[in-house]
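> Here's a sequence, model it:
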Amino acid sequence: MRIGLQFDTRSAADAEVLLQDFERAEAEGFDTVWIGQVFAHDVLTLFAMAGGRTKRIELGTSVVPLPTRHVATLAQQALTTQLATSGRLCLGVGAGHAMILDKKLGLPSDRPLARTREALEVLRPLLRGEYVKYAGEFERVRVDTPIPGATAPDVLLAALGPKMIELAGEHADGVTLVFAGPDLIEREVAPRLPSGKRIVASVPVLLTGEVAAMSALVDAYTAPSMALPPYQRTMAKQGFDRVSELAIVGDEATVVAGLERLEASGATDLNPILVTGEADPECADRTRSFLAARARAGRGEG
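Got it, this is the predicted structure:
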């Protein structure tokens, strides 16, 4: 299982601080840096900037909501970023959340499966450099995005429901999951995907002796996400009320066992959620160092 690092860009003082953290993550040995596209920095622009400061590490969006960008514009942005990073982009996309699309952006959020299918049917060939003539219900284009030297990046789909997972199996290179533990991956995700597809799991990981206090902090940190219906449904499927119930929290043996169980379920990548707080102010840095060492070991490095 490849081990990445999740960045939260909102607290960064300036671009230089962010770019230094990309350099640090690569030096530490992480396989991937993951950043979600919210209302702070434009992630693809940030990745293009980081491309000149790094050489090896994969740069993954987790995720860009498809309704927020015209599919041709997204293809242009992705291919330009792919060129700037020497082919190290992983483009995670998703249908978006109705509460955000409707209330914040005034965008339609109905029929997310149908809209996502059409967007992917246009996006994938555009990323391959093909001319696309498409007349669907939602997407109508006659265009190509010729960017010499750029290769198509992997495309992952944010997918938690069975139909969206199956769509990812048809039209993406895998799925990116939030708050999906190993039992759910093993039971509902992996069986719906063809062999070789990536499964990126985003769950909290905390190496700490303050289990109760840090578990409470996990729940406080993830409360805004838990206000969104898709995550509520995902948790209900697993029989959980709180994110801390699926988090990997504890001493080194506990964390190792949790990571091994996640990998055994079919997860190919880890996008960890790290938190810290007064009960254990070194928790995030300690966990980061531990995960970086496992990432290096996974590649056979010391």
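> Going toward the C-terminus from the helix or strand bottoming out on mean pLDDT in the chain, what's the next helix or strand?
Least confident helix or strand, the chain: helix 98-103 with a mean of 77, by mean pLDDT, DSSP states H and E. Helices and strands here follow DSSP states H and E; after helix 98-103, the next one along the chain is helix 112-127.
> low-confidence ranges in the stretch 201-302 of the chain?
302 (pLDDT under 70).
> Which stretches in it count as helices?
In the stretch 201-302 of the chain, the helices defined using DSSP state H, counting those that start in this stretch lie at 211-221, 223-226, 229-237, 252-265, 283-298.
> thinking again about what came up before, for the least confident helix or strand of the chain, which positions count as buried?
98, 100-101 (16 or more other C-beta atoms under 10 Å). (Each C-beta comes from the backbone N, C-alpha and C, glycine too.)
> Enumerate every residue touching the most centrally placed residue in the chain.
The centre of the chain sits closest to Ser62, judged by C-alpha atoms, centre = their mean, with a distance of 2.9 Å. If you count contacts by C-beta atoms under 8 Å, 6 or more residues apart in numbering, Ser62 has them with 6, 34-36, 92, 156, 158, 176, 200, 202, 271.
> hmm, 10 Å instead?
Counting by C-beta atoms under 10 Å, 6 or more residues apart in numbering, Ser62 touches 4, 6-7, 32-37, 43, 90-94, 156, 158, 176-178, 200, 202, 269, 271.
> Among the residues you listed, name the ones in strands.
Among the contacts of Ser62, the residues falling in strands (DSSP state E) are 4, 6, 32-35, 90-94, 156, 158, 176-178, 200, 202, 269.
> how far away is Leu59 from Leu91?
To Leu91, Leu59 is 10 Å away according to C-beta to C-beta, to the nearest Å.
> overlap in contacts of the two?
Both Leu59 and Leu91 are contacted by 43-44, 47, 81-82, 153, under the criterion C-beta under 10 Å, 6+ apart.
> who wins for neighbours among those?
Counting neighbours by other C-beta atoms under 10 Å, the top entry in the shared contacts of Leu59 and Leu91 is Phe47, with 28 neighbours.
> Isn't it up against Gly60?
Yes - assessed by C-beta atoms under 10 Å, Phe47 is found in contact with Gly60 at 8.7 Å.
> Pull up the overlap in contacts between the two.
33, 35, 88-91.
> Tabulate those residues (JSON lines), appending neighbour count.
As requested, the shared contacts of Phe47 and Gly60 are arranged in JSON lines below (neighbours: other C-beta atoms under 10 Å):
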{"residue": "Val33", "neighbour count": "25"}
{"residue": "Ile35", "neighbour count": "26"}
{"residue": "Arg88", "neighbour count": "21"}
{"residue": "Leu89", "neighbour count": "29"}
{"residue": "Cys90", "neighbour count": "25"}
{"residue": "Leu91", "neighbour count": "30"}
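> Nearest to Gly250 among these?
Among the shared contacts of Phe47 and Gly60, Val33 lies closest to Gly250 (C-beta to C-beta), at 25.3 Å.
> and the nearest residue to Gln77 once chain neighbours are set aside, how far is that from Leu83?
Leaving aside its chain neighbours, Gln77 sits nearest to Leu44 (4.7 Å; criterion: C-beta to C-beta, 6 or more residues apart in numbering). Per C-beta to C-beta, Leu44 is found 12 Å from Leu83.
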